[in-house]
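Engineer: Just a sequence and a predicted model for now, questions to come.
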Amino acid sequence: MALQRTAFFGMAAARQASQLPRVTFQTRLMATKKVDPLEQSMLDKLKAELNTQTVEVEDMSGGCGSAFRVLVESEAFRGMPSIKQHRLVKSILKDEIAQIHAIQVHTAVPEQSTQ
């Protein structure tokens with residue numbers, strides 16, 4: 001399977017290809033034990049508003065908190081164009097976005113189970 005270059009879907013392809021377990025923000029929190037309050041606020045808001053546990057928030061600025069990458073997988077996105085998905089995420093995080101320099105938003109709809 002060829003790996004795709006897009007961040008969210010490339011991660012899914014890499015996970016699928018290597019059969020590695022999904023590493024979520026919560027896993028990274030346990031490993032680092034240092035969480036920026038802004039990062040935690042974004043995580044909590046997205047999980048609550050979009051009713052999902054599949055949320056990743058990563059500080060891309062090297063620790064200064066000025067740029068973040070947000071990955072969200074939610075059933076709330078089903079049937080919604082990607083631009084509307086991104087607008088929804090940004091509207092939920094509007095207070096946090098006002099405090100930072102840059103944000104990358106990646107969204108997806110959960111895969112259906114085949115049972």
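Structural biologist: Thanks, I have the structure now.
Engineer: S82: what's it in contact with?
Structural biologist: By CB atoms under 8 Å, 6 or more residues apart in numbering, S82 lies in contact with T107. For glycine as for every other residue, the C-beta is placed from the backbone atoms N, C-alpha and C.
Engineer: can you pull the pLDDT of it?
Structural biologist: pLDDT recorded at S82 is 96.
Engineer: cool, E56 as well?
Structural biologist: Here the pLDDT value assigned to E56 is 95.
Engineer: now do G65
Structural biologist: 88.
Engineer: Please apply the same query to Q112.
Structural biologist: On pLDDT, Q112 comes in at 61.
Engineer: Pull out the buried residues from the lengthiest helix in the chain.
Structural biologist: As assigned by DSSP state H, the longest helix anywhere in the chain is helix 37-50. Residues L38, E39, S41, M42, L43, K45, L46, K47, E49, L50 are the ones in helix 37-50 that count as buried (16 or more other CB atoms under 10 Å).
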